[in-house]
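Q: the following comprises the amino acid sequence and a computationally predicted model.
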Amino acid sequence: MTITARDRYNRHRLSKSRDPVLVSLLMNRRRLQNRPGVEPLEGRALLSTVHASAVPKVPAAYKPPTNVPPKFPPYDITARIDPISDPGVTGNVFRQDVLISGTARPYSTVWLAVGTRPGYFTNISGADSTGKYVFNVPVPVGTTTVQVFAESPAQNYSNVEDVSVTRGNAIVAWDSIALGAFLNQGTSAAQAARDLAIVHAAQYDALANIEFPNSAYQVHLTPPKGASAEAAVDQAAYTVLAAIFPSLQPAFFSAVGASLAGLGPYTTAVKDGQDFGAKVALATLANRANDGANATVTDAPQNVPGLWRPTPPSFAPAVNAQFGRVTPFAISSGSEFRPAAPPAVGSAAYDQALAQVASLGRSNSTTRTADQTASARFWADGVYTSPDHWSRIAESLSISHKDSLAKDARLFAQLDLALADSAIASSDSQYTYNEWRPVSAIQQTDPTWTPLLTTPASPSYVSDSAAYGGAASTVLTSAFGSKVKFTSTVGVNAGPTRSFTSLDAAAVDQASSRVWGGVNFTFD
């Protein structure tokens, strides 16, 4: 192929633009053209878009491309949703245009396949001198699989890397961003439930005051006429999270900027919505400023005979003892639904529950099934706490049902207010009855007994994990029905999965998992 004067001019112009993707495309043009099985790339197409027409037809599961057999075994390529598009690193995004980035061998040609035709690579980019590449990919609402594949200058071929991208609305997106912040900061389950409730209460009130006057939950303000509800929802979440996690403010700022940019031109409606969302959020934060969540409690039970005591392996002091006294969101007090006392030590009901957890919950149990072990580890995944896990389930269901912004504003407010009040009510019960954990009871007679899971540093009755599942499944069932089937995943874009025939079945599985894990009695 002859390099013309126009080609040299275009190459010079692109190099001046410092756009490594386009520069790499032009540099690879001669090699790509005339390759068997690859459509030719015309210079005009290269200059107009990075979505060129080279289409190596590589199967979804990696096999050597039939049109250009590799000379050497494949090398590794990495791919992910870029942090600009996914600051919470959760796999959820809220804009149509998503950045996919990663590394390959320096100066590699990189292809990308999107959506319904896995293995059919329609977009092309190029890695720079350090091996970095980036794609700007439009994705629809829902979950989309993106695949990336590369060829090095030496014509070595990479593996095919899959990236799962889930796009939701601003309610789902900010829920996901909040979960990323909790993971980053190691936020406890009770605190995460409270913080999520504040975020979604602010978002709901911002939207309700604009679109459904007189239906706000707590903050009642008059918005400017024509204010954008989407902008208000974005800014409300940003304002709350930046106040709760000031060290993460730059990431939140990038997220709100990207979300507002996705609304189009910065019109008066967007500005008014943004200002109004901030006002609602500040009022919401003011309402929760002295709710008792950060109070210090010194009367938590410690080494009381017959009652709760610190548990192995860390023997840590009790945590979240103050939460039973936190101002609730929807119930009248933490004691409103306080259950009756647990079975007395030595009673038939107690002895039966003790024998059950001693058998099923032992670390090396021979009576616990493989599925029960999987359940225990699934719900205590070490990645997300119980409120976070149910939020992930809600995100997935919302996206699969293509919920509207208004519907999700109401749904997530209901969900997280219920979860927060469950944390408050559970703590009230735990520190009223001070029930010891199974490990403390069992080791009285069998010092070698250890549970499958690490025992939480709090009294046993009631199980807050079971309470979270009961609250979340009730709210979500009211929205999606009693027979919705779904699969939940541990972690981000990977990890064990568990499938359920209903939300109630998931809640029962979660509650039972605490017995199978050896950290709660059945009556908890």
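A: Nice, I can see it. Since this is a predicted model, take the numbers as computed values, not measurements.
Q: show me where this structure has strands.
A: 80-81, 92-93, 97-103, 109-114, 123-126, 132-138, 142-151, 161-167, 486-489, 497-500 (DSSP state E).
Q: so which of those is the most surrounded?
A: strand 92-93 (a mean of 28; mean count of other C-beta atoms under 10 Å). Just so you know, the C-beta spots here come from the backbone N, C-alpha and C atoms, and that holds for glycine as well.
Q: check the protein for its longest helix and report it.
A: Counting by DSSP state H, the longest helix found in the chain is helix 405-433.
Q: can you redo the strands of the chain as CSV with distance to Val383 and mean pLDDT?
A: Below are those laid out as CSV (distance: least, C-beta to C-beta, whole Å; pLDDT from 0 to 100):
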stretch, distance to Val383, mean pLDDT
strand 80-81, 17, 92
strand 92-93, 15, 74
strand 97-103, 22, 90
strand 109-114, 27, 87
strand 123-126, 31, 85
strand 132-138, 26, 90
strand 142-151, 19, 85
strand 161-167, 16, 85
strand 486-489, 10, 88
strand 497-500, 13, 92
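Q: export those as a markdown table, with columns for distance to Asp524.
A: Below are these laid out as a markdown table (distance: least, C-beta to C-beta, whole Å):
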| stretch | distance to Asp524 |
| --- | --- |
| strand 80-81 | 39 |
| strand 92-93 | 33 |
| strand 97-103 | 43 |
| strand 109-114 | 47 |
| strand 123-126 | 53 |
| strand 132-138 | 47 |
| strand 142-151 | 36 |
| strand 161-167 | 34 |
| strand 486-489 | 22 |
| strand 497-500 | 21 |
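Q: if we can go back for a sec, in the longest helix of the chain, what's buried?
A: Residues of helix 405-433 classed as buried by neighbour count (16 or more other C-beta atoms under 10 Å): 405-406, 408-433.
Q: and it, average pLDDT?
A: Throughout helix 405-433, pLDDT has a mean value of 97.
Q: how far off centre is that helix?
A: Here helix 405-433 is found 18 Å from its chain centre; the criterion is C-alpha atoms, centre = their mean, to the nearest Å.
Q: number of residues surrounding the closest residue to Ala261 other than its chain neighbours?
A: Spatial nearest neighbour of Ala261, excluding adjacent residues (C-beta to C-beta, 6 or more residues apart in numbering): Arg95 at 7.8 Å. By other C-beta atoms under 10 Å, 19 other residues sit near Arg95.
Q: against which helices or strands is the longest helix of the chain packed?
A: On a contact count with 3 or more C-beta pairs under 8 Å, 6 or more residues apart in numbering; DSSP states H and E, helix 405-433 meets helix 170-185, helix 189-211, helix 229-244, helix 386-400, helix 464-480.
Q: tell me which of the ones you listed lies nearest to Ala341.
A: Judged by C-beta to C-beta, the one of the helices and strands packed on helix 405-433 that comes nearest to Ala341 is helix 464-480, at 16.8 Å.
Q: which other residues reach that closest one?
A: If you take C-beta atoms under 8 Å, 6 or more residues apart in numbering as the criterion, helix 464-480 is touched by 189-190, 193, 379, 386-387, 390, 393-394, 397, 401, 407, 411, 414-415, 418-419, 421-423, 425-427, 430, 458, 484, 502-504, 506-508, 510-511, 513-514, 520, 524.
Q: can you verify my assumption that the residue nearest to Ala261 contacts Val256?
A: No - with contact defined as C-beta atoms under 8 Å, Arg95 does not reach Val256; the gap is 11.8 Å.
Q: so how far is Asp162 from the nearest residue to Lys132 once chain neighbours are set aside?
A: Spatially, and ignoring its direct neighbours in sequence, Lys132 is nearest to Thr103 (5.8 Å; C-beta to C-beta, 6+ apart). Plainly put, Thr103 is 16 Å away from Asp162 if you go by C-beta to C-beta, to the nearest Å.
Q: how about Val172?
A: 22 Å.
Q: same thing with Phe378?
A: Taking C-beta to C-beta as the measure, Phe378 falls 22 Å from Asp162.
Q: just list whatever residues bridge to Phe149.
A: Beta-bridge partners for Phe149, by DSSP bridges, are Trp111.
Q: contacts only, for it.
A: Counting by C-beta under 8 Å, 6+ apart, Phe149 has contacts 56, 58, 77, 110-113, 121, 157-161.
Q: shaky segments in the stretch 51-200 of the chain?
A: Applying pLDDT under 70 to the stretch 51-200 of the chain picks out residues 51-73, 87-88, 90, 116-119.
Q: again with the stretch 251-400 of the chain
A: 297-306.
Q: can you pull out the helices in it?
A: For the stretch 251-400 of the chain, applying DSSP state H, counting those that start in this stretch gives helices covering 268-287, 348-360, 370-379, 386-400.
Q: what's the second one in contact with?
A: Right, the one you point to is helix 348-360. Contacts for helix 348-360 (C-beta under 8 Å, 6+ apart): 342-344, 365, 367-368, 372, 438, 441-442, 446, 449, 515-516, 518, 520-523.
Q: hmm, which of those are the buried ones?
A: In the contacts of helix 348-360, the ones that pass as buried (16+ other C-beta under 10 Å) are 342-343, 365, 368, 372, 438, 441-442, 449, 515-516, 518, 520-523.
Q: measure Lys483 to Asp504 for me?
A: 10 Å.
Q: comparing those two, which shows the higher neighbour count?
A: Asp504 (17 against 11).
Q: hang on, that one packs against Val484?
A: No - using C-beta under 8 Å, Asp504 is not in contact with Val484; the gap is 10.1 Å.
Q: count the neighbours of Phe315 for me.
A: 10.
Q: circling back to that earlier point, so of the helices of the stretch 251-400 of the chain, which one's packed in deepest?
A: helix 386-400 (a mean of 23).
Q: ok, Ile219 - contacts?
A: Residue 219: Val, not Ile. Contacts of Val219 (C-beta under 8 Å, 6+ apart): 202, 205, 209, 280, 283-284, 287.
Q: correction: Leu248
A: Leu248 touches 181, 184-185, 241-242, counting by C-beta under 8 Å, 6+ apart.
Q: which among the residues you listed count as buried?
A: 181, 241-242.
Q: and these as JSON lines, adding distance to Ser215?
A: Formatted as JSON lines, the buried ones among the contacts of Leu248 follow (distance: C-beta to C-beta, whole Å):
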{"residue": "Ala181", "distance to Ser215": "29"}
{"residue": "Leu241", "distance to Ser215": "24"}
{"residue": "Ala242", "distance to Ser215": "27"}
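Q: closest one of the residues you listed to Ser314?
A: Ala181 (25.1 Å).
Q: what sits against that closest one?
A: Applying C-beta under 8 Å, 6+ apart, we find Ala181 in contact with 88, 187, 241, 244-245, 248, 252.
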